[in-house]
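1. everything below, folded, please.
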Amino acid sequence: MSGMVQGVGYRSFAVRHGHSLNLSGYARNTGDGRVEVEAEGEQADVERFISLLKDGPSAAEVSDVQVEWKKILGEATSFTVRF
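-> Model (predicted):
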């Protein structure tokens, strides 16, 4: 995600909604001011999650969301913040 997405609770927002949708994965800040999110779960739940991420928390201003579908690796067991 890009835009005003760091310092506005975006990672916590992603983790909260990831948990509520029974997804596994992570959210982390990148060095260039974006937030990277990786999520695994049922396709309908991941699509709902993407929709939520496009809005983000109320203090965020999301300007771009890039989605890349990958094969599920099954490595994550919960949804966390990575540093």
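2. so Q6 sits right up against N29, yeah?
-> Yes. Taking C-beta atoms under 8 Å as the definition, Q6 is a contact partner of N29 at 5.3 Å. From N, CA and C alone the C-beta is placed, and that goes for glycine too.
3. please enumerate the helices of this protein.
-> If DSSP state H is used as the criterion, the helices of the chain fall at 10-20, 43-55.
4. select, out of these, the one closest to R34.
-> When the helices of the chain are compared by C-beta to C-beta, helix 10-20 sits nearest R34, at 9.8 Å.
5. next one: the closest one to chain centre, how far?
-> Distance of helix 10-20 from the chain centroid (C-alpha atoms, centre = their mean, to the nearest Å) equals 7 Å.
6. before we move on, what about stretch 67-79?
-> Distance of stretch 67-79 from the chain centroid (C-alpha atoms, centre = their mean) equals 12 Å.
7. what's opposite the spatially most central residue of the chain in the beta bridge?
-> Among the residues of the chain, the one closest to the centroid is V37, at 3.7 Å (C-alpha atoms, centre = their mean). According to DSSP bridges, the partner residues bridging V37 are A27.
8. overlap in contacts, Q6 and N29.
-> The overlap between the contact sets of Q6 and N29 (C-beta atoms under 8 Å, 6 or more residues apart in numbering) consists of V35.
9. show me the shaky parts of the protein.
-> For the chain, no stretch has pLDDT under 70.
10. coming back round to it: and K71, which of the helices of the chain is closest to it?
-> When the helices of the chain are compared by C-beta to C-beta, helix 43-55 sits nearest K71, at 12.7 Å.
11. show residues contacting stretch 75-83.
-> Counting by C-beta under 8 Å, 6+ apart, 11-12, 14-15, 18-19, 23-29, 38-40 sit against stretch 75-83.
12. now restrict these to buried residues only.
-> Buried by 16 or more other C-beta atoms under 10 Å: 11, 14-15, 18, 23-27, 29, 38-40, out of the contacts of stretch 75-83.
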